[in-house]
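K.L.:
structure for this input, please:
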Amino acid sequence: MKRRHGILVLTALLAILQGSHTASGQGKVRARDLGIPFEGRPGPLNALTDVKGVEVGHTTLISGRGKLEVGKGPVRTGVTAVLPRGKASRDPVFAGWFSLNGNGEMTGTTWVEESGFLEGPVMITNTHSVGTVRDAIVEWRVNHGPPDESGYWWSLPVVAETYDGFLNDVNGFHVKREHVFEALQKAASGPVAEGNVGGGTGMICYEFKGGIGTASRKLGENQGGYTMGVLVQCNCGARQQLRIAGVPVGLEISEKPVTGQDTGSIIIVIATDAPLLPHQLKRLARRAALGLARTGSVSGNGSGDIFIAFSTANPGAAKSSGIAQLHMVPNDQMNPLFEATVEATEEAIVNALVAAETMTGADNHTVLALPHGRLREALKKYNHLAESK
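P.N.:
Prediction:
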């Protein structure tokens, strides 16, 4: 059980910390636009969907305000869907997963570990909606396709969570089956919405407003030309831990953190078109921990830090008969993929922070967005501000 985040932030503090932040600009600005220097070359969208075939969809639920009344709101939650080969495909992908700290949930991972395959979408929501989302995926898959090649209707969905009970009526069970269907139906290639959307709607990251973030890396042709994409649902970390581009931003913008403790969780989804086998994808998933560490996290006791990686290469590998002809990147050539995973994970987390907007939720709890002006001042102070693009 995650701890509930703790204290009400005063309205006067909001004015102090907002700096140059405006709600209208926040949803459009990304970390690189603010002059944050990142390593590596992103793909065209700098998003998980730079990996061809991957689709992402969100359902965002925001309603009510004021005093918490269980079952009535306020509601600040949602669900996010990642479809490795898109809605049109039922072809499983090779996958591997890793738990850095297990105070969280990702269903279906025992079969991912055993079989080496991810056989449906990855979905992310709040802690107390995992069961609803899981059951809805089974129904959705039954309604949208035939049985598997063996003739059986069965599914072990992968559903992950982080806790949004500080801002959301988490015990009101507001995520319903129709919201899961909506996220799956909306899933598409192209730009991915970030910040207060989908499963990330009510999340808190380093005691600023958090949520969904994404980034990608494109390897050079001499490294295979592969694409690596990362999507995070970020709800972890204590304010004083936050580092951006090596700068102790959490110490520079330290006023009135939410709890002063490392609580919450982070889910990280990694996609690549590199031909990797399950054991190699598990190695990739582990490297997400290094990207998380770059932003300051120590993966505290109360944090569920769970990562899954999949490859869209080797189509047809899960066929039920015959011999599958597979390709794989040699282990000795995986270092660029490791590096890309670390870089994209770091940037995805910062993109979540930059995109998120200040939110007031249950019992009038307010969580402030990371103020863009103050962030740039901190980067400039440490001579880490790149020229804005």
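K.L.:
which SS state does the residue nearest the centre of the chain fall under?
P.N.:
Closest to where the C-alpha atoms of the chain average out (CA atoms, centre = their mean) is Val232, at 1.6 Å. For Val232, the secondary-structure state derived from DSSP: H, G, I helix; E, B strand; the rest coil is strand.
K.L.:
pretty sure it is touching Thr214, no?
P.N.:
Yes: using CB atoms under 8 Å, Val232 makes contact with Thr214 at a distance of 7.3 Å. No exception for glycine: its C-beta is placed from N, CA and C like everyone else's.
K.L.:
report the contact partners of the residue nearest to the centre of the chain.
P.N.:
Val232 is in contact with 212-214, 266-269, 345, 348-349, 352, counting by CB atoms under 8 Å, 6 or more residues apart in numbering.
K.L.:
try it again at 10 Å.
P.N.:
The contact partners of Val232, by CB atoms under 10 Å, 6 or more residues apart in numbering, come to 48, 124, 162, 194, 200, 203, 205, 210-215, 266-270, 288, 291-292, 307, 344-352.
K.L.:
inside helices: which ones of those?
P.N.:
Here DSSP state H is the test, and the contacts of Val232 give 288, 291-292, 344-352 as lying in helices.
K.L.:
wait, which of those is closest to Met106?
P.N.:
When the ones in helices among the contacts of Val232 are compared for distance to Met106 (CB to CB), Ala288 comes out closest, at 13.1 Å.
K.L.:
related to what we said a few turns ago, please name the bridge partners of the residue nearest to the centre of the chain.
P.N.:
Here Val232 shows beta-bridge partners Gly213, Ile268, assigned using DSSP bridges.
K.L.:
with adjacent residues omitted, what lies nearest to Cys291?
P.N.:
Heads up, residue 291 is Gly, not Cys. Spatially, and ignoring its direct neighbours in sequence, Gly291 is nearest to Thr345 (2.6 Å; CB to CB, 6 or more residues apart in numbering).
K.L.:
residue ranges with poor pLDDT in this structure?
P.N.:
Along the chain, the parts satisfying pLDDT under 70 run over 1-27, 148-153, 388-389.
K.L.:
show me where it has helices.
P.N.:
In order along the chain, the chain carries the following helices (DSSP H): 11-18, 23-26, 109-115, 130-143, 177-186, 249-252, 278-294, 335-355, 372-381.
K.L.:
residues contacting the closest residue to Thr49 other than its chain neighbours?
P.N.:
Closest residue to Thr49 apart from its sequence neighbours, by CB to CB, 6+ apart: Ser189 at 4.9 Å. For Ser189, the contact set (CB under 10 Å, 6+ apart) comprises 45, 47-56, 83, 86.
K.L.:
do the same with Gln240
P.N.:
By CB under 10 Å, 6+ apart, Gln240 lies in contact with 206-207, 248, 250-251, 254, 257, 260, 262, 296.
K.L.:
swap in Leu379?
P.N.:
Listed by CB under 10 Å, 6+ apart, the contact set of Leu379 reads 34-37, 244-247, 249, 252, 385-386.
K.L.:
could you redo the last one with a cut-off of 8 Å?
P.N.:
Contact partners of Leu379, counting by CB under 8 Å, 6+ apart, are 35-36, 244-245, 247, 249, 385.
K.L.:
same question, Thr227
P.N.:
43, 50-52, 216-219, 272-273.
K.L.:
what about stretch 325-342, start to end distance?
P.N.:
End-to-end distance for stretch 325-342, by CA to CA, to the nearest Å: 30 Å.
K.L.:
list the buried residues for it?
P.N.:
Of the residues in stretch 325-342, those buried by neighbour count under the rule 16 or more other CB atoms under 10 Å are 328-329, 334, 336-337, 339-342.
K.L.:
now find how far off-centre that stretch is within its chain.
P.N.:
Mean C-alpha position of stretch 325-342 versus that of the full chain (CA atoms, centre = their mean, to the nearest Å) differs by 22 Å.
K.L.:
and if you look at stretch 69-78?
P.N.:
Its chain's C-alpha centre and that of stretch 69-78 lie 22 Å apart, by CA atoms, centre = their mean.
K.L.:
which one of the helices of the chain is the most hemmed in?
P.N.:
For the helices of the chain, ranked by mean neighbour count under the definition mean count of other CB atoms under 10 Å, the leader is helix 335-355 at a mean of 26.
K.L.:
circling back: would TSV of the contacts of Ser189 with neighbour count and distance to Met359 be doable?
P.N.:
TSV is the format used below for the contacts of Ser189 (neighbours: other CB atoms under 10 Å; distance: CB to CB, whole Å):
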residue	neighbour count	distance to Met359
Leu45	16	25
Ala47	28	23
Leu48	28	23
Thr49	26	25
Asp50	24	28
Val51	24	30
Lys52	12	34
Gly53	18	33
Val54	28	28
Glu55	23	27
Val56	29	21
Leu83	22	27
Gly86	15	31
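K.L.:
okay if I get those as CSV plus distance to Leu118?
P.N.:
What follows is these, written out as CSV (distance: CB to CB, whole Å):
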residue, distance to Leu118
Leu45, 22
Ala47, 19
Leu48, 14
Thr49, 17
Asp50, 19
Val51, 14
Lys52, 17
Gly53, 13
Val54, 12
Glu55, 14
Val56, 15
Leu83, 10
Gly86, 14
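K.L.:
narrow those residues to those in strands?
P.N.:
When the contacts of Ser189 are checked against strands (DSSP state E), the matches are 55-56, 83.
K.L.:
export the residues you listed to CSV and tack on distance to Arg76?
P.N.:
Formatted as CSV, the entries for the ones in strands among the contacts of Ser189 read as follows, by distance: CB to CB, whole Å:
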residue, distance to Arg76
Glu55, 25
Val56, 20
Leu83, 25
